[in-house]
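Q: Turn this into a model:
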Amino acid sequence: MVEHPNSQQPSGQDDPPSTPPPSGHGNLVDALAALTEHTDRSAAPDASLEPPDPSGDRDTVMVVAFEGWNDAGGAASDAVALLGRAYNAVQRVVLGEDDYYDYQFSRPSVKRNAAGQRVVRWPLTRVLTADLPEHPFDLVLVTGVEPTYRWKQFCAELLTLAAEHRVRAIVLTGALLADSPHTRPIPVTRTSEHPQLREIIDAERSDYEGPTGIVGVLAALADAAGVPTVSTWAAVPHYVGQAPSPKATYALMRQLEDLLHISMDLSALAEDAEAWERGVDELASDDEEIGAYVKQLEEATDATEMPEASGESIAREFERYLKRRDQGRGWEPGGSN
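A: Residues are numbered from 1 along each chain as shown. Coordinates of the predicted model:
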């Protein structure tokens, strides 16, 4: 790895908050504090929840997103990028490009810099830090392109960095394509393998079994190493799954606000989400088959009378997405992949 020293609300969503968003359950910060106070530190998996460092070094929470297979519509990577900009995150580390990427699969790109010179932008993974002085924890942000090679080595390197930065928990964000209408709230699920953590933050235990991406691998290896993880996934309407997907990004940002007990100005993102939804409305109004399909999805969603999909239903949507992908087709009515 290479050191770098410096380097209006959418429909169905809540108004952008001016204070930490209200929640019917505890947030991750309070949960970690409670678990540290009450856990038996000699028992797994809570042995990792050590008391604060007497030296004064601050604990951190790591937030992760990867472009590619884990990130329909670019919603998760956009959310972590916005989080970094909101708190002036500073790049600290770049994980070695040649060690982890197949450039025929994740191709580099060329662009002109401010001086007019053509430069190559390589796929990479960046690790950034952000100070939150009025908050109990600082942030470590990980964002980049899903690696092609050496996933176990890649995750081990990230977990080493997590230990160096006193990471107390890891929040993994992702997005998948699902049979959900663009006119309803974007379903978001929250899961964790940590029983006490699930109870405090109102998360579920994922029952999904099947193919996974780097987000799932990192979550499993972190949990095995004693670092509690929380995964939060947005369900992007599969008939408009191309990037950007601002309404899904907005839904993930609200989740991050809730989990981290922070407050950000999301008004510009909310306006983007409204504009995105209006654009898809126009598409549906101009195509009878698309309009009928959206109405069918709306009726199915409304029949559940649930504002958010359960972890089990998200897993079913993920399985359906994999089947569609393996069959070489996307959605059927009047459209293309």
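
Q: Report the contact partners of the residue nearest to the spatial centre of the chain.
A: With distances taken as CA atoms, centre = their mean, Thr173 lies nearest the centre of the chain, 1.8 Å away. By CB atoms under 8 Å, 6 or more residues apart in numbering, the residues touching Thr173 are 63-65, 76, 79-80, 215, 231-233, 252, 255-256. For the C-beta atoms, the positions are set from N, CA and C on the backbone; glycine is no exception.

Q: So which of those residues are in helices?
A: Ala76, Ala79, Val80, Val215, Leu252, Gln255, Leu256 (DSSP state H).

Q: Take these and write them to TSV, including pLDDT, neighbour count and distance to Pro108.
A: Converted to TSV, the ones in helices among the contacts of Thr173 look like this (pLDDT from 0 to 100; neighbours: other CB atoms under 10 Å; distance: CB to CB, whole Å):
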residue	pLDDT	neighbour count	distance to Pro108
Ala76	98	31	22
Ala79	98	28	24
Val80	98	27	21
Val215	97	23	23
Leu252	98	26	27
Gln255	96	22	32
Leu256	97	20	30
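
Q: Between the residues you listed, which sits nearest Glu193?
A: Closest approach to Glu193 among the ones in helices among the contacts of Thr173 (CB to CB): Val215, at 13.6 Å.

Q: My guess is the closest one contacts Gly68. True?
A: No - counting by CB atoms under 8 Å, Val215 sits too far from Gly68 to count as a contact (9.9 Å).

Q: Helices of this structure, residue ranges please.
A: Using DSSP H, helices in the chain cover 28-38, 75-86, 97-100, 151-164, 195-201, 214-224, 246-260, 267-286, 288-304, 311-326.

Q: of all these, which lies closest to Leu141?
A: The nearest among those, by CB to CB, is helix 75-86 at 5.1 Å.

Q: now for the closest one, which elements pack on it?
A: strand 60-67, strand 125-130, strand 138-145, strand 167-178, strand 229-237, helix 246-260 (3 or more CB pairs under 8 Å, 6 or more residues apart in numbering; DSSP states H and E).

Q: Any chance of a markdown table for those, columns distance to Glu298?
A: Shown next, in a markdown table, are the helices and strands packed on helix 75-86 (distance: least, CB to CB, whole Å):
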| stretch | distance to Glu298 |
| --- | --- |
| strand 60-67 | 29 |
| strand 125-130 | 38 |
| strand 138-145 | 33 |
| strand 167-178 | 14 |
| strand 229-237 | 11 |
| helix 246-260 | 15 |
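
Q: Return the most buried member of the helices of the chain.
A: Counting by mean count of other CB atoms under 10 Å, helix 246-260 has the highest mean neighbour count of those, with a mean of 26.

Q: Could you report the distance from Tyr293 to Ala243?
A: Taking CB to CB, to the nearest Å as the measure, Tyr293 falls 21 Å from Ala243.

Q: again, but for Asp202
A: 30 Å.

Q: doesn't Thr232 make contact with Thr189?
A: Yes - between Thr189 and Thr232 there is a contact at 7.0 Å, judged by CB under 8 Å.

Q: low pLDDT regions in the stretch 101-250 of the chain?
A: For the stretch 101-250 of the chain, no stretch is flagged by pLDDT under 70.

Q: Compute the first-to-last residue distance for stretch 105-121.
A: 15 Å (CA to CA, to the nearest Å).

Q: quick one: buried residues of that stretch?
A: By 16 or more other CB atoms under 10 Å, the buried positions in stretch 105-121 come out as Ser106.

Q: same check, this time on stretch 182-197
A: 182-194, 196-197.

Q: Including distance to Asp131, could the helices of the chain go into TSV?
A: Formatted as TSV, these follow (distance: least, CB to CB, whole Å):
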stretch	distance to Asp131
helix 28-38	15
helix 75-86	12
helix 97-100	27
helix 151-164	16
helix 195-201	24
helix 214-224	23
helix 246-260	14
helix 267-286	23
helix 288-304	41
helix 311-326	33
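
Q: so which of the ones you listed gets nearest Ala114?
A: That would be helix 75-86 among these, by CB to CB, at 19.1 Å.

Q: How about residues contacting the closest one?
A: Residues contacting helix 75-86 (CB under 8 Å, 6+ apart): 63-67, 70-71, 89, 128, 130, 139, 141-143, 173-175, 234, 236, 243-246, 248-249, 251-253, 256, 264-265, 269.

Q: what about that helix, distance to the chain center?
A: On the basis of CA atoms, centre = their mean, to the nearest Å, helix 75-86 sits 9 Å off its chain's mean C-alpha point.

Q: How about stretch 87-102?
A: With CA atoms, centre = their mean, you get 17 Å for stretch 87-102.
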